[in-house]
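> got a predicted structure plus its sequence, pasted below:
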Amino acid sequence: MKRRLFTFATAALALIGGSALAQTKWDLPAAYPATNFHTENLMQLATDVDKATGGKLKITVHANASLFKATEIKRAVQGGQAQIGEILLVNFSNEWLPFGADGLPFLADSYDSAFKLYQAQKPLLQKKLDEQGMTLLYTVAWPPQGIYAKKPINSAADLKGVKWRAYSPATARIAELVGAQPVTVQAAEFAQALATGVVESTMTSGATGVDSKLYEHLKYYYDTQAWLPKNAIIVNKAAFSALDKSTQDALLKAAAAAEKRGWDASRKVNTETLAKLKAEGMQVLSPSPALKADLQKIGETMLKEWLEKSGADGQALVATYKK
């Protein structure tokens, strides 16, 4: 009897060991807090993949840049230090301009046009990432970008001389074109810069406005919907190829669901955060016809500059989008 029990226990341990060996574990570095809607979507993706594969593929989400900084995630996935990761595409436009097509001001100024731009951008993204040893799983847009200000802005002329927080090449260029004073301020120092008058205006989303409590310092938000930058979820190609076919299919199916869920969540977050800005006493306004026309001209100037630098890929992308 003892021998039979021993044999049964040995067999059970072997079975458990074999099951453990069959399990694949992936790390997913993300740059945003666990409460951010992008991160919540990633957590749901991990849960869906775990369930669909019967635990064969376990994805651990590392939120708030706890594993890699935002700008390090792409290289980490490319080099296999992480098997999967989330990146903000515009962060890598200096590497390849079409990565930043969704950061062009006023090219796509609504969720529908942003998704259309994504469809034009997607084949180029897939090709470029494939060349770099990665696979594009899906993207999700951030809420659209608007102008925050201390005083009413009726036209671009009202921004002349205003201390403008510039946090990217695009926002710095907008400041130059409207005659504002671009000031580089890191996110961690933003509130202090507003409180001390170092910054009087900025361009970002309603979601960021709520996260940073901009309503405590600024009174006006103009919903210009200037651009909708996207986060992309990328996978190391070798890691993906190492999965069996059923696991690959389960991951792709979960990713397709995450893309739809993420874009829907972004729309909802945009509505909720604009309502929150209003509730906190901020005036949330549509841009005047004059301001809108001025911003469109700025967008046209910046698009022309971008097309001259981006070459055949950028020109083909914009031509496809505008069809």
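Yep, that arrived. Since the structure is predicted, the reported quantities are computational estimates derived from the model, not experimental observations. Numbering: from 1, shown residues only.
> who touches Tyr138 in this structure?
For Tyr138, the contacting residues are Ala232, Ile233, Ala255, Ala256, Ala258, Glu259, Gly262, by C-beta atoms under 8 Å, 6 or more residues apart in numbering. Any C-beta I mention is one placed from the backbone N, CA and C, and that applies to glycine too.
> is it true that it lies in a strand?
Yes. Counting by DSSP: H, G, I helix; E, B strand; the rest coil, Tyr138 is part of a strand.
> would you say Gly281 is within a strand?
No. Counting by three-state DSSP, Gly281 is not found in a strand; it is coil.
> hang on, isn't it packed against Tyr215?
Yes. The pair Gly281 / Tyr215 is scored as a contact, 6.1 Å apart, by C-beta atoms under 8 Å.
> tabulate the contacts of Tyr138 (TSV), appending pLDDT and neighbour count.
Output for the contacts of Tyr138, formatted as TSV (pLDDT from 0 to 100; neighbours: other C-beta atoms under 10 Å):
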residue	pLDDT	neighbour count
Ala232	98	23
Ile233	98	25
Ala255	98	19
Ala256	98	12
Ala258	98	22
Glu259	98	18
Gly262	98	23
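> and the helix or strand harbouring Glu308, what does it pack against?
Assigned by DSSP states H and E, Glu308 belongs to helix 289-322. Packed against helix 289-322 by the contact rule (3 or more C-beta pairs under 8 Å, 6 or more residues apart in numbering; DSSP states H and E) you find helix 111-131, helix 169-178.
> can you say which of these is packed in most?
Highest mean neighbour count among those (mean count of other C-beta atoms under 10 Å): helix 169-178, with a mean of 19.
> which residues touch that helix?
With contacts defined as C-beta under 8 Å, 6+ apart, helix 169-178 is touched by 90, 93-94, 100, 103-105, 156, 159-160, 164-166, 180-182, 184, 202-203, 227, 294, 298, 301-302, 305.
> kindly recompute the last result at 7 Å.
Contact with helix 169-178 is made by Gly103, Pro105, Ala156, Leu159, Lys160, Trp164, Ala166, Pro182, Met203, Ile298, Thr301, Met302, as judged by C-beta atoms under 7 Å, 6 or more residues apart in numbering.
> which ones are touching the third one?
Shown in contact with Ala156 (C-beta under 7 Å, 6+ apart): Val178, Leu291, Asp294, Leu295.
> out of the contacts of helix 169-178, which end up buried?
Burial by neighbour count, 16 or more other C-beta atoms under 10 Å: within the contacts of helix 169-178 this picks out Gly103, Pro105, Ala156, Leu159, Trp164, Ala166, Met203, Ile298, Met302.
> quick revisit: any chance of the helices and strands packed on helix 289-322 in TSV, plus mean pLDDT and distance to Gln192?
TSV is the format used below for the helices and strands packed on helix 289-322 (pLDDT from 0 to 100; distance: least, C-beta to C-beta, whole Å):
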stretch	mean pLDDT	distance to Gln192
helix 111-131	97	32
helix 169-178	88	19
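> which stretch among these comes nearest Val77?
Minimum separation from Val77 across the helices and strands packed on helix 289-322 (C-beta to C-beta) falls at helix 111-131, 9.5 Å.
> returning to what we had before: state the pair within the contacts of Ala156 that is farthest apart.
Largest separation among the contacts of Ala156 by C-beta to C-beta: Val178 and Leu291, giving 10.1 Å.
> between the contacts of Tyr138, which sits nearest Thr53?
Distance to Thr53 across the contacts of Tyr138 (C-beta to C-beta) is lowest for Ala255, with 13.0 Å.
> shouldn't the closest one be in contact with Thr139?
No. Applying C-beta atoms under 7 Å, one finds Ala255 not in contact with Thr139, separated by 10.2 Å.
> what is the burial count for Lys213?
By other C-beta atoms under 10 Å, 13 other residues sit near Lys213.
> which residue ranges of this structure form helices?
Ranges of helices in the chain, per DSSP state H, are 2-22, 37-52, 73-78, 111-131, 169-178, 190-195, 206-211, 237-241, 245-279, 289-322.
> could I get the contacting residues of Phe190?
Taking C-beta under 7 Å, 6+ apart, we find Phe190 in contact with Arg165, Ser212.
> just the one 4 residues further on next, same as before
Residues counted as contacts of Leu194 (C-beta under 7 Å, 6+ apart) are His217, Leu218.
> if you set the cut-off to 10 Å instead, what comes out?
Contact analysis of Leu194 by C-beta atoms under 10 Å, 6 or more residues apart in numbering lists 148, 150, 163, 165, 185, 200-202, 212-214, 216-218.
> which among these end up buried?
Tyr148, Lys150, Lys163, Arg165, Val185, Glu200, Ser201, Thr202, Ser212, Leu214, His217, Leu218.
> am I right that the fifth one is in contact with Ala195?
No. With contact taken as C-beta atoms under 10 Å, Val185 and Ala195 are classed as non-touching, separated by 11.8 Å.
> alright, calling it a day.
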